[in-house]
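Undergrad: My questions are about this predicted structure, shown below with the sequence.
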Amino acid sequence: MKTNFLILAFLAIGLGSCSSGGGQEEDILPPTPEPDKPLLVKLNCKVDAAVTSRATDYGFEKNDAVGIYMVDYRDGAAGTLQPTGNHADNLRFVYDSTWTPDTPLYWTDDNTKADFYLYYPYAVVTDIHAHAIGIPTDQSTEAAYKQGDFLWGKTAGASPTEQAVNITAHHVFSAAVIHVKAGNGFTEEALAAANVSVRLNGLRQQTTVDLADGSVSLKGEASSVTPLKENDSWKAIIAPQTAQREGLVSISVDGKEYRLTQGDNAPEFTFEAGKRHTFTITVSKTNSGVNVDIGGWEDDGVDHGGVAE
């Protein structure tokens, strides 16, 4: 009996030591905090206002789609754009007042910076350093003209944020705008009634674009380009290149063609990336037919006047 009494006493002491003061049998643990939600990447993509050459000439339109590459920093240093394995690889974003990705894109964490690469229009990319782009040689329709435009942009060192990351898209090609004016022997009414057409010659329009830096390389053979007529002018997208001035522009008036001559000007002309070059062409009747003078380029301030014979 004495042994049983001792066992019961020890059990009572043990049970008492497991209870807390105030008669509570167990402690109440604090609730487990919810894990932080990942930070969603938002983008604000816009076209460089310095030069616009979209069909609307105002920037992106509804349902336009861009491709986005997102490259994380590593150990505080910028990463290198890779064909695959970036934080985002050619993720499509579609515009409808805001930009929406095909699948949600999140920052890696709250601290890791990233570089963003943008190109337009979206396509399947097989080589990030030589993305093939063929600029149409016949741009006489609005659809063909729009097809020739290619944009590229980069925002470097963006920090994780709830705000939209701004990316400015730049034109990697050049644009030519040609205005035709009535000179001696023509009235504006007579010129408007005439059958006038414009063509640019000796231009290479097959290209590749390096999506890492937006640089353009020329491919293929030279050909003629038919621009889009818009009101009283013509416009075309041209790959950046240096072309022969002799015969660069052809003007046809009621079936008779005249080609630009070199005159006293340099034998070559350079179409510069991201620039829109404006031709002002004055058509004047002469004894031999029509004299076409080419006015100065809008962007470089140099008189490139010449005659088409």
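TA: Yep, it's here.
Undergrad: can we go C-alpha only for contacts and neighbour counts from here?
TA: Fine.
Undergrad: Could you name the helices and strands sitting against the longest strand along the chain?
TA: Secondary structure of the chain read by DSSP state E shows that its longest strand is strand 196-209. Counting contacts by 3 or more Cα pairs under 8 Å, 6 or more residues apart in numbering; DSSP states H and E, strand 196-209 packs against strand 131-134, strand 216-225, strand 233-238, strand 241-244, strand 249-253.
Undergrad: Quick one: mean pLDDT for the longest one?
TA: Averaged over strand 216-225, pLDDT sits at 97.
Undergrad: list the helices and strands it packs on?
TA: Using 3+ Cα pairs under 8 Å, 6+ apart, strand 216-225 sits against strand 196-209.
Undergrad: Restrict stretch 169-176 to CA atoms and write it as PDB.
TA: Extracted in PDB, the C-alpha atoms of stretch 169-176 (Å, rounded to 0.1, in the frame of the first residue of the first chain):
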ATOM      1  CA  ALA A 169      10.100  52.000 -77.900                       C
ATOM      2  CA  HIS A 170      12.300  53.500 -80.500                       C
ATOM      3  CA  HIS A 171      12.100  53.100 -84.300                       C
ATOM      4  CA  VAL A 172      15.000  51.000 -85.500                       C
ATOM      5  CA  PHE A 173      14.200  51.800 -89.200                       C
ATOM      6  CA  SER A 174      14.100  55.000 -91.100                       C
ATOM      7  CA  ALA A 175      11.100  56.800 -92.700                       C
ATOM      8  CA  ALA A 176      10.900  58.700 -95.900                       C
END
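Undergrad: any idea how far that stretch is from the chain center?
TA: Computed by Cα atoms, centre = their mean, to the nearest Å, the chain-centroid distance of stretch 169-176 equals 9 Å.
Undergrad: Next, the buried residues of that stretch.
TA: 169, 170, 171, 172, 173, 174, 175, 176 (16 or more other Cα atoms under 10 Å).
Undergrad: Between the two ends of stretch 95-113, how far is it?
TA: End-to-end distance of stretch 95-113 (Cα to Cα, to the nearest Å): 25 Å.
Undergrad: who touches that stretch?
TA: Stretch 95-113 has contacts (Cα atoms under 8 Å, 6 or more residues apart in numbering) with 38-45, 60-65, 72-74, 76, 87-88, 91-94, 157-161.
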